[in-house]
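Next one to model:
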Amino acid sequence: LRTRNSLVLSAGDNVGASPLASALFHDEPTIEFLNDIGVNASVVGNHEFDEGYRELQRMQFGGCHPTDGCQFRPTFQGARFPFLGANVTFDNGLPAVLPFSVQIVDGIPVGIIGVTLKDLPNVVTPEAIKGLKFGDEVQAINRTANLLDLFGVKSQVVLMHQGDSTEGGGPDDCKT
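This next block holds a predicted model:
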C-alpha cells in the first residue's frame, strides 16, 4: 500500500546484472515486480543496455524474447511505467528514450526527468549501444526542465543513474 500523495521512482539498473531467478527469465520477473509495487518511472542505467536497445524496448513495451520466445504465457506485457533518459539519443539527435514523465500528485503535475551518465559507453559493450549517444547530463536536465517549465510544470524531480564501482574482494571487504 502506497503512502498518499507520493511517487515510487527507480534509479535504474533494474535489469541486467540481476539474481538468477530473474535473469533466467530475461528479467521479466523484475519488471513485473516493479509493476506490482507501483513504480511510476525509472531512469535507464547502464545495465538496461546490457542486451542492447531492442531488448530495452522489449522490457518497456513487452513482447516475447527474440530467442527464447514466451514460455509460460502468451506474451510479456512490459513495464507499466516509463523508462527515462533525457540525454540518450540516436546518432541523428532524436530521443531514443523518453526524456521525462509527468505524474499528477494530489492535482499537482510533477515532472520527472531521467538522465544516465554520459560516460555510460565506457561500461557497456559497444555493440549494445550501437547507434546511440549519451549527452551531457546537466545540459539535458536544464533543457528538459526548461521545457517542463514552459508546460507549466513547476514541481520537478531528477532521477540520475550513477553506476557503482567497487575495488573490494567480497562482502566482508571494506574496500567497497
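
For the residue nearest to the spatial centre of the chain, grab phi and psi.
For the chain, the residue nearest the mean C-alpha position is Val44 (2.5 Å; Cα atoms, centre = their mean). Main-chain dihedrals, Val44, degrees, to the nearest 10: phi -80, psi 140.

The closest residue in space to Arg80 that isn't next to it in sequence: what's it in contact with?
Distances taken as Cβ to Cβ, 6 or more residues apart in numbering put Asn35 closest to Arg80, at 4.7 Å, once the chain neighbours are dropped. All C-beta spots, glycine's among them, are computed from the backbone N, C-alpha and C. When contacts are counted by Cβ atoms under 8 Å, 6 or more residues apart in numbering, Asn35 is found next to 77, 79-81.

List just the nearest of the residues you listed to Glu48.
Distances from Glu48 to those, taken as Cβ to Cβ, are shortest for Ala79 (10.7 Å).

Any idea how many residues pack against that closest one?
21 (other Cβ atoms under 10 Å).

so it touches Met59, yeah?
Yes - with contacts counted by Cβ atoms under 8 Å, Ala79 reaches Met59, the gap being 6.3 Å.

Next, show the common contact partners of these two.
Common neighbours of Ala79 and Met59 (Cβ under 8 Å, 6+ apart) are Ile31.

what about Val110, which SS state?
strand (DSSP: H, G, I helix; E, B strand; the rest coil).

ok, now how distant is it from Ala41?
Using Cβ to Cβ, to the nearest Å, Val110 is found at 10 Å from Ala41.

And the two? Which one has more around it.
Neighbours per residue (other Cβ under 10 Å) separate Val110 from Ala41, with Ala41 holding more: 24 against 19.

So which elements touch the helix or strand of the chain with the lowest mean pLDDT?
In the chain, no helix or strand scores lower on mean pLDDT, DSSP states H and E than helix 20-23, which sits at a mean of 82. Helix 20-23 sits against helix 28-36, with contacts defined as 3 or more Cβ pairs under 8 Å, 6 or more residues apart in numbering; DSSP states H and E.

Now do the same for the helix it packs on: mean pLDDT, whole number.
Helix 28-36 shows a mean pLDDT of 94.

How many neighbouring residues does Gln60 have?
When neighbours are defined as other Cβ under 10 Å, Gln60 has 20 of them.
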